[in-house]
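Peer 1: Following is a predicted model, sequence given first.
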There are 2 protein chains.
Amino acid sequence: MAPIVVGLIGFGTVGTGVVKILQENRQTLRSRIGAELMLKWIADLDVERDRGVEVDPSVLTTDAERVLEDPEVQIVVELIGGERPAKDYILKAIRAGKHVVTANKALLATHGNEIFKAASDHGVEICFEASVGGGIPIIRALKEGLAANRILALTGIVNGTSNYILTEMTEKGEDFQAVLRRAQREGYAEADPTLDVEGIDAAHKLSILLSLAYGVRIRYSEIYVEGISSIEPLDIAFARELGYKIKLLAISKQRGSELEARVHPVMIPEDSPLANVNGVFNALHIEGDAVGETLFYGMGAGMMPTASAVVGDILELSRNLLRGVAQRVPPLARPWEELSDLRIMPMEEIVTNYYLRLMAVDRPGVLSAISGVLGRNDISIFSVVQKGRNRLGEGVPVVLMTHEAQEAAVQRAIQEIDELSVTVGKTQLIRVEDPRIKDENL
Amino acid sequence: MAPIVVGLIGFGTVGTGVVKILQENRQTLRSRIGAELMLKWIADLDVERDRGVEVDPSVLTTDAERVLEDPEVQIVVELIGGERPAKDYILKAIRAGKHVVTANKALLATHGNEIFKAASDHGVEICFEASVGGGIPIIRALKEGLAANRILALTGIVNGTSNYILTEMTEKGEDFQAVLRRAQREGYAEADPTLDVEGIDAAHKLSILLSLAYGVRIRYSEIYVEGISSIEPLDIAFARELGYKIKLLAISKQRGSELEARVHPVMIPEDSPLANVNGVFNALHIEGDAVGETLFYGMGAGMMPTASAVVGDILELSRNLLRGVAQRVPPLARPWEELSDLRIMPMEEIVTNYYLRLMAVDRPGVLSAISGVLGRNDISIFSVVQKGRNRLGEGVPVVLMTHEAQEAAVQRAIQEIDELSVTVGKTQLIRVEDPRIKDENL
């Protein structure tokens, strides 16, 4: 049987992992699909560096066009990341009738609709299992395994760097900056950590999950995003005392005919399944109307886990090529024309529970002033924790746990609270949720 | 577009769930595949009983042959369970060129090779996501999502009934019989619980997972099976004291060119992911050479979770029918002729750690006699726990935790120990393992 011809663009960490799997598991892969995978090209600007894998030099090229213009190449694997030239390469491959595998979540989040539409128009496939959750086959689960379900809620820890930082802050009591610096030294965080710690990467991934779960086009710009850089050791300590862990969650839910889609830190009960997903691990908690509660857990990043997903996609495309079929399952799980335009609720409309932590001057009437503001904004208090005496006029922390309240009201209230003469600095707000709870409004 | 025509044989609990999903999620399903699913027949011996779903009476039949002989039917869903007549129906459907969906793990474990070979010969598909792990899409994960990996180890809690009983025994300190009787009253256990509590159902499922993970034919009869009926509250209490939980695990591992495949109770560290899978939940822990550690968690049984998997399979087959493709992924994940005959290690050859609990008469020299037997059998002791004084000559429990030892030696040793005059009754043996630990021999 003729081999399946693959061209790889991007010979970085994940690209190297892909080459390793193709070499080391060659026999396993061949026995699975009944044909050989032939890696004909590896394009990268740097073809000199030793990556610890042996590659026939004639396979290497600095010119990605060689891959895209080779009529023998059936599958193009894009692993350079970023917007340009990745987007041009992918569109060129699609127009040349080549199937595409990519791990580029930032690109799919920002230009996915154009890319998916092009793939649909040209009858080729674009696979992106590696774009969310590393090696966890979550894209497939949403497109196929759980396809019988209406997805009620999907909640994920999908950014390993921020989860690593929160885990270290929780276990060692250190502050954000200290852990971030160590994570950077140890290679768990980038020199510019913005994408990871400000929730942007998680929002990129959520935009993809949202489309697969709810049949909408990519709607990245409508997702609310808030990162973890303002989380303080004090909040982590209060969370522990109250029986919670703080996690950066990507959340999507169907609410009647509307969707929630948001990324922010959340206090979740310490015994809920996501609370024990630590370090660089990722997990997705999915609740379907038929299947009930499910959880998918694994390494969300790294050379080999991500390469596992990329090669899984190469195998899927190979199986389709060997049977002469394409777009058996469309990239966003539904035919392009079936995608809908459900409204995504703006953050102000979200209703949830809140942890509010403020620093109050230690004198009578503080609590009365604060609860007055909350009451006027229709926010009822579930519990109050006040601790210690102030030293050097810094204020004492006061923690208020609210009943369900609307985000807009809470934002108004903390603005008023921050203007009170009895408070110091800005109120910390962390939403409190249990991904397991079925809401009756669903 | 013409609808996909489905015939259902078996209108029991899961069958009713399938009908519910097809009705309630009709719009979601249509938008996913771009075509309508038409349930043309429901065959069951009892067509009178009210199942809480409305069905057009003309769809109901007591004659399964009506379904099998209808040339319009493209997909036959077998949900009657058991060996006969399920096997005949499935083979007849295959020979008529119809694709098959089944949840019948007992049948696949005992007659799977004949059925899969027939499907392969006739170029039709047989899907069985519902046969293992209820709604958890684990079959797909092994066939596709993790296909790039060599699977190093697969460890699962795949029987909800036995996991429910062990969970209750652990949380309430009750004995096996008491919990079993309650589980039977509450509908979590069958009137004859043998299949569940003696590990047979878990072994049926393991035989399927083993084939998908390691590319072997179905080898059910070679799987070692031991159930949970001999687990005593005393053992659960010792497990807790030692930092373990007792779970009925289905285990498979590759050891060089051989496989391990066994079902038995295991003491696993209380902080390992499977230790916190409680009640009727199922979970599979899979370690791949590229992906590393993954976990899949969800409801392993029940009307709607199982129906979720069945309808997922119907959608998969529909997508293939709409593209005119079959056997894109063969039933056992590899082409029939690629399946190998790796040796499955007999239980005596397994090497692991052991918990041995015996009842000793309370007099000097007991420990020396016991450790003498272990020493002569090359078993070294890691720790000893001895507690309490005997009352009424019943003996006092002595617990020995061993270093790694070979099963054959341990079985020889406990036979000798049971013959000693200083012991009373039979020695309890529970294997002690950590599914997470990568063995260097792998």
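Peer 2: That came in fine, so what should we check first?

Peer 1: which residue sits farthest out from the middle of chain A?
Peer 2: Going by CA atoms, centre = their mean, the residue of chain A most distant from its centre is A:P364, 45.0 Å out.

Peer 1: helices or strands next to the helix or strand A:I251 falls within in the packing?
Peer 2: Here A:I251, judged by DSSP states H and E, is contained in strand A:244-255. Applying 3 or more CB pairs under 8 Å, 6 or more residues apart in numbering or on different chains; DSSP states H and E, one finds that strand A:244-255 makes contact with strand A:151-157, helix A:160-172, helix A:200-214, helix A:233-242, strand A:258-269. Yep, even glycine has a C-beta here, placed from its N, CA and C like the rest.

Peer 1: biggest helix in chain A, by residue count?
Peer 2: For chain A, the helix with the greatest residue count under DSSP state H is helix A:303-323.

Peer 1: Show me what it is packed against.
Peer 2: Using 3+ CB pairs under 8 Å, 6+ apart as the contact test, the elements touching helix A:303-323 are strand A:4-9, helix A:13-24, helix A:26-33, strand A:75-78, strand A:99-102, strand A:126-127.

Peer 1: Take the helices and strands packed on strand A:244-255 and lay them out in JSON lines including mean pLDDT, distance to B:G324 and mean neighbour count.
Peer 2: Converted to JSON lines, the helices and strands packed on strand A:244-255 look like this (pLDDT from 0 to 100; distance: least, CB to CB, whole Å; neighbours: other CB atoms under 10 Å in any protein chain shown):
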{"stretch": "strand A:151-157", "mean pLDDT": "97", "distance to B:G324": "29", "mean neighbour count": "25"}
{"stretch": "helix A:160-172", "mean pLDDT": "97", "distance to B:G324": "41", "mean neighbour count": "22"}
{"stretch": "helix A:200-214", "mean pLDDT": "98", "distance to B:G324": "25", "mean neighbour count": "26"}
{"stretch": "helix A:233-242", "mean pLDDT": "96", "distance to B:G324": "55", "mean neighbour count": "18"}
{"stretch": "strand A:258-269", "mean pLDDT": "98", "distance to B:G324": "35", "mean neighbour count": "23"}
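
Peer 1: can you redo those as a markdown table with distance to B:N163?
Peer 2: Listed next are these as a markdown table, based on distance: least, CB to CB, whole Å:
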| stretch | distance to B:N163 |
| --- | --- |
| strand A:151-157 | 24 |
| helix A:160-172 | 28 |
| helix A:200-214 | 28 |
| helix A:233-242 | 30 |
| strand A:258-269 | 22 |
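
Peer 1: And these: which comes nearest A:G10?
Peer 2: The stretch from the helices and strands packed on strand A:244-255 with the least distance to A:G10 (CB to CB) is helix A:200-214; that distance is 17.7 Å.

Peer 1: and that closest one, how far from the chain's centre?
Peer 2: Centre-to-centre, helix A:200-214 and its host chain are 7 Å apart (CA atoms, centre = their mean, to the nearest Å).

Peer 1: Just checking: what are the partner strands of the following helix or strand past it?
Peer 2: Downstream of helix A:200-214, the next assigned helix or strand under DSSP H and E is strand A:224-225. Strand A:224-225 has its sheet partners listed here by DSSP bridges as strand A:258-269 (parallel).

Peer 1: and A:M347, what is it in contact with?
Peer 2: Contacts for A:M347 were tallied using CB atoms under 8 Å, 6 or more residues apart in numbering or on different chains; they are A:224, A:262, A:407.

Peer 1: Make a markdown table from those and add distance to A:K172 to it.
Peer 2: Shown next, in a markdown table, are the contacts of A:M347 (distance: CB to CB, whole Å):
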| residue | distance to A:K172 |
| --- | --- |
| A:Y224 | 30 |
| A:R262 | 28 |
| A:E407 | 32 |
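
Peer 1: Out of those, the closest to chain B would be?
Peer 2: For the contacts of A:M347, the residue nearest chain B by CB to the nearest CB is A:R262; the value is 23.1 Å.

Peer 1: Let me see the contact set for that closest one.
Peer 2: Counting by CB under 8 Å, 6+ apart, A:R262 has contacts A:223-225, A:250-252, A:347, A:350.

Peer 1: most surrounded residue in these?
Peer 2: Counting neighbours by other CB atoms under 10 Å in any protein chain shown, the top entry in the contacts of A:R262 is A:A250, with 29 neighbours.
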